[in-house]
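Asks: need a structure here:
(chains A and B)
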Protein chains: 2
Amino acid sequence: MPYFDAASSAPLHPVARQALQASLDEGWADPARLYREGRRARLLLDAAREAAADAVGCRPDELVFTPSGTRALHSGIAGALAGRRRTGSHLAVSAVEHSAVLHAVEGRPVTEVPVDRWGAVSPGVFGEALREDTALACLQSANHEVGTEQPVAEVAERCRTAGVPLLVDAAQSLGWGPVGGDWSLLTASAHKWGGPAGVGLLAVRKGVRFAPQDPADERESGRAPGFENIPAIVAAAASLRAVRDSAETEARRLRKLVDRIRARVPQLVPDVEVVGDPVRRLPHLVTFSFLYADGETVLHELDRAGFSVSSGSSCTSSTLTPSHVLRAMGVLSEGNVRVSLPAGTAQEDVEHFLEVLPGVVAGVRNRLGAPVAGETSPGSAPESVPRSAPESAPGSASGSASGSGPASLVVDALGTRCPVPVIELAKVIGDVPVGATVTVLSDDEAARLDIPAWCAMRGQEYVGRSPAPAGTAYTVRRR
Amino acid sequence: MPYFDAASSAPLHPVARQALQASLDEGWADPARLYREGRRARLLLDAAREAAADAVGCRPDELVFTPSGTRALHSGIAGALAGRRRTGSHLAVSAVEHSAVLHAVEGRPVTEVPVDRWGAVSPGVFGEALREDTALACLQSANHEVGTEQPVAEVAERCRTAGVPLLVDAAQSLGWGPVGGDWSLLTASAHKWGGPAGVGLLAVRKGVRFAPQDPADERESGRAPGFENIPAIVAAAASLRAVRDSAETEARRLRKLVDRIRARVPQLVPDVEVVGDPVRRLPHLVTFSFLYADGETVLHELDRAGFSVSSGSSCTSSTLTPSHVLRAMGVLSEGNVRVSLPAGTAQEDVEHFLEVLPGVVAGVRNRLGAPVAGETSPGSAPESVPRSAPESAPGSASGSASGSGPASLVVDALGTRCPVPVIELAKVIGDVPVGATVTVLSDDEAARLDIPAWCAMRGQEYVGRSPAPAGTAYTVRRR
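Replies: Residues are numbered from 1 along each chain as shown, chains lettered A, B, ... in the order given. Below is the predicted model of the structure:
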């Protein structure tokens, strides 16, 4: 049963399991105590800190263990901002940071640095976001949804010139190698590299102004309150060392598997957009979006077929909005699938996935009444009403839609959810003459992203959007 | 090698170990994901929440798992205060709360409710501390240093009448049983009952105004950000159930062992004060302080003899101040030893401890040149200079000290640390006639507590303290 969602959480590495079990006997006592059980716990903690610092590329006294990567980000951002209170409170962050970063900076003056269609920031544009009153810059080492690596070293150089500390969220990349460049703070999360849950890392370079914002606590240099989880910390450090030992070989192997997925999926499945940088990327991660498919059903069908993947589609989020990463990149969000291979993934599992995927997507599209590939108007009725809005009829064309070749057409897709508005658009675009427009009325948040993305993929002209009495009107001109 | 510091951290319970290992295979995935690994993780998390809520005595949806007891306190206090922002910002907390509580309320208007000599608050006095603008009251279920149980139910009743939510820190007692009374919030820590590190509990009763203060996060109802540590959570819940199953029997057994320690120590060792309530107390915990001994050396000697205990003496703290609990109780802090027996402690280990202890204390006192029991002035020179201030000579008597029976005497103990100032006082009190005074000059923080405590133990009159050109002058009248 192949698990292809390592970017969410990696299965426990055998070394992590071994180290965890071994240190349960030695690492349960309070390392602040002076008796033998405490001294033993302290030795384990010190050794783990040295190993982890070595892997991060910092001094042991620059590194603390936090209860999670999220807490490392929260504490790191809060402490760095407080340490630079007198400079200002502005932040510069990439628009594709993890939500833990974006939530931690909510309510503050923030410049979200845009990304290109591959998901990367430009060092020059990032540098322009740095102001006199910028207290902190945040940039991930690589994106968690699309795998694109960020130009951290170049951005760190711009930050250094501007005198702004740079916090790097290395959650997705630390298992693959240290983060280059002159960063000031770095965070990571052990369960992303096969370590146990319950351990994050926060490194703060000497000389970086830092004022912890949690209540006072003597543990972890006052930067991570609460009793240390030493068995998990030992397991985290040991497994980080272990995955690093095989990182180069395994990265090369997984990169080939991902290259194969990137190449084969568009050959096997029509109307797909592979997103993210094809070269400057994490070795094990690839994301694609299927036109006319809904992510949640694709995920369910893949799960039934034995494959565990995740999605940034709006239908799979509790807020019914597409992933902010896909939005920032301006790429299609419907039918989104992220594949992230854990270390050790077998080639035959990938081949099996490539065998299964086309049928899954075709099945989902068929049930939604999606246009057949290559046709702009399928001419055939859907086999069933759309799954995502079973109680509402699929959008109906109206306005000057009678007769063939009307000058314009309005499609009412109100009340339907992704991917139905795009399917309705695709079904009627062939009904208007070249140069005429189709306007889709939709109150689905995903349409804002997916209608322009559809236009780009199909070579149609996206005219724009305007508020409608209910929802938003998206206008497309047939080319 | 008996470990007698369960109140710091209990050794991992076999059930915790078993549950942890078993759930490493099932509980590593993201419980928010919909594929099978995520669903399995979610099932484990839900089952653990139900078990823990049952043990706490609350609804599962009132309980979240935090990364530690400290974080549960931080989040609970911050959320409750924010939820009652419009009422005010005042807090009422007992003076003997855990430092995690006291640090979390620093900088806010706080009334520290005093405790009696046994360490307990009075419900009436606690009630008087509740004001119109009191946002939150905090009271531990039982004290972590002296074992005294607090009248939680009675205080909860006063809080209810005043319309103030009560947060109960149940870290030390939850393994022994649920907290009675009408509390509003409750916190606990798994490693105190034999669960793993990395798991705290925060229960917030329905209807209690609560506004989480951490950055937004979808996990744990938004009350505990960061990826859930499910194997540890499963182990915490399973071990809580297991320790509860045997709690009554084990409490009865340990209570007898502690009763024996409480009775025998004063018979075996002269000049000792057993502190804390003898009856309304945790079953497994007892604390005593030895006159003329320094806690750090006693701990070291006990460790060499194979016993791991802790101490609230100033010499064992990084701040060189005695435990705030002992201070609030007004009891002796020098030579302080806390014994907290883990479940399963063998009677012979306790007997062995009682055999070893007298020699350890006598040895420490002897090296410090402490007065021999029963004498007020030993007449013999110390075998060595005091360990705690090796570079300074022991305090020398001066002023009108020449001849026998001076009307008053001044002892300069500046630069010496606990227990030296008290030893110097004890050595000269017999040199002044009844009704005359001895004044001790000391800059040791512990003297403020230990000189009055010595007077109470020795039947001497503590006149008071006043600022001196260097340090503080403590005056004692011989009776």
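Asks: What is the distance between the helix or strand where residue A:232 lies and the centre of its chain?
Replies: Taking DSSP states H and E as the criterion, residue A:232 maps to helix A:230-245. Computed by CA atoms, centre = their mean, to the nearest Å, the chain-centroid distance of helix A:230-245 equals 24 Å.
Asks: Following the chain past it, name the next helix or strand.
Replies: Proceeding C-terminally, helix A:230-245 gives way to helix A:247-268 as the next helix or strand, assigned by DSSP H and E.
Asks: all strands of the stretch 151-300 of chain A, in order?
Replies: Assigned by DSSP state E, counting those that start in this stretch, the stretch 151-300 of chain A shows strands spanning A:166-169, A:185-189, A:200-204, A:272-275, A:285-290.
Asks: Can you tell me the closest non-neighbouring residue to whatever residue of the stretch 201-350 of chain A ends up closest to chain B?
Replies: Closest contact between the stretch 201-350 of chain A and chain B, by CB to the nearest CB, is at residue A:226 (3.2 Å). In this view, the C-beta of every residue, glycine as well, is placed from N, C-alpha and C. For residue A:226, ignoring the flanking residues on the chain, the nearest one in space by CB to CB, 6 or more residues apart in numbering or on different chains is residue B:68 at 3.2 Å.
Asks: now residue A:38
Replies: residue A:29 (5.0 Å).
Asks: same check, this time on residue A:280
Replies: In space, residue A:280 is closest to residue A:149, 4.6 Å off (CB to CB, 6+ apart).
Asks: Confirm for me that that neighbour is in contact with residue A:279.
Replies: No - Residue A:149 lies out of contact with residue A:279 (CB atoms under 8 Å); the separation is 9.1 Å.
Asks: Looking at these two now, which is surrounded by more residues?
Replies: The neighbour count for residue A:149 versus residue A:279, taken as other CB atoms under 10 Å in any protein chain shown, is higher for residue A:149 (21 against 9).
Asks: Report the contact partners of the more buried one.
Replies: A:120, A:141, A:142, A:143, A:173, A:277, A:280, A:281, A:282 (CB atoms under 8 Å, 6 or more residues apart in numbering or on different chains).
Asks: now it: how far from residue B:223?
Replies: Between residue A:149 and residue B:223 the distance is 34 Å, computed by CB to CB, to the nearest Å.
Asks: quick one: low-confidence ranges for the stretch 301-450 of chain A?
Replies: Along the stretch 301-450 of chain A, the model assigns pLDDT under 70 to residues A:373-405.
Asks: Please list the residues of it that sit near chain B.
Replies: Residues of the stretch 301-450 of chain A found near chain B (CB under 8 Å from any CB of the partner chain) are A:302, A:303, A:307, A:308, A:309, A:310, A:316, A:318.
Asks: Can you list phi and psi of the fourth one for me?
Replies: Right, residue A:308. phi -100, psi 110 (degrees, to the nearest 10).
Asks: now do the first one
Replies: For residue A:302, the backbone dihedrals are phi -70, psi -40 (criterion: degrees, to the nearest 10).
Asks: Neighbours of it, how many?
Replies: Using other CB under 10 Å, residue A:302 is surrounded by 23 other residues.
Asks: Correct me if wrong: it contacts residue A:358.
Replies: No - in this structure residue A:302 lies outside contact range of residue A:358 using CB under 8 Å: 11.8 Å.
Asks: Residue A:70 and chain B, how far apart?
Replies: Note on residue A:70: its distance to chain B, by CB to the nearest CB, to the nearest Å, is 4 Å.
Asks: Shouldn't that residue be within a helix?
Replies: Yes - under DSSP: H, G, I helix; E, B strand; the rest coil, residue A:70 falls within a helix.
Asks: Next, count neighbours for it.
Replies: Using other CB under 10 Å as the criterion, the residues surrounding residue A:70 number 27.
Asks: quick one: buried residues of stretch A:287-305?
Replies: A:287-303, A:305 (16 or more other CB atoms under 10 Å in any protein chain shown).
Asks: likewise stretch A:146-166?
Replies: Under 16+ other CB under 10 Å, the buried positions of stretch A:146-166 are A:146-152, A:154-159, A:162, A:164-166.
Asks: And for stretch A:338-354?
Replies: A:338, A:339, A:340, A:341, A:342, A:343, A:345, A:349, A:350, A:353, A:354.
Asks: With only the CA atoms kept, save that stretch in PDB.
Replies: Extracted C-alpha coordinates of stretch A:338-354, given in PDB (Å, rounded to 0.1, in the frame of the first residue of the first chain):
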ATOM      1  CA  ARG A 338       0.700  16.200  -4.600                       C
ATOM      2  CA  VAL A 339       2.900  13.100  -4.700                       C
ATOM      3  CA  SER A 340       5.800  13.100  -2.200                       C
ATOM      4  CA  LEU A 341       7.800   9.900  -2.200                       C
ATOM      5  CA  PRO A 342       9.200   8.700   1.100                       C
ATOM      6  CA  ALA A 343      12.800   7.400   1.100                       C
ATOM      7  CA  GLY A 344      12.900   3.900  -0.100                       C
ATOM      8  CA  THR A 345       9.900   4.100  -2.400                       C
ATOM      9  CA  ALA A 346      10.100   1.300  -4.900                       C
ATOM     10  CA  GLN A 347      10.100   1.900  -8.600                       C
ATOM     11  CA  GLU A 348       7.300  -0.600  -9.100                       C
ATOM     12  CA  ASP A 349       5.100   1.300  -6.800                       C
ATOM     13  CA  VAL A 350       5.600   4.400  -9.000                       C
ATOM     14  CA  GLU A 351       4.900   2.300 -12.100                       C
ATOM     15  CA  HIS A 352       1.800   1.000 -10.500                       C
ATOM     16  CA  PHE A 353       0.700   4.500  -9.700                       C
ATOM     17  CA  LEU A 354       1.200   5.500 -13.300                       C
END
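Asks: Now do that stretch: everything it contacts.
Replies: A:2-8, A:10-11, A:13, A:145-147, A:194, A:243, A:246, A:250, A:254, A:257-258, A:260-261, A:264-265, A:268, A:282, A:284-287, A:307, A:309-312.
Asks: which of those residues are buried?
Replies: Neighbour counting with 16+ other CB under 10 Å marks A:2-8, A:10-11, A:13, A:145-147, A:194, A:243, A:250, A:254, A:257-258, A:261, A:264-265, A:282, A:284-287, A:307, A:309-312 as buried within those.
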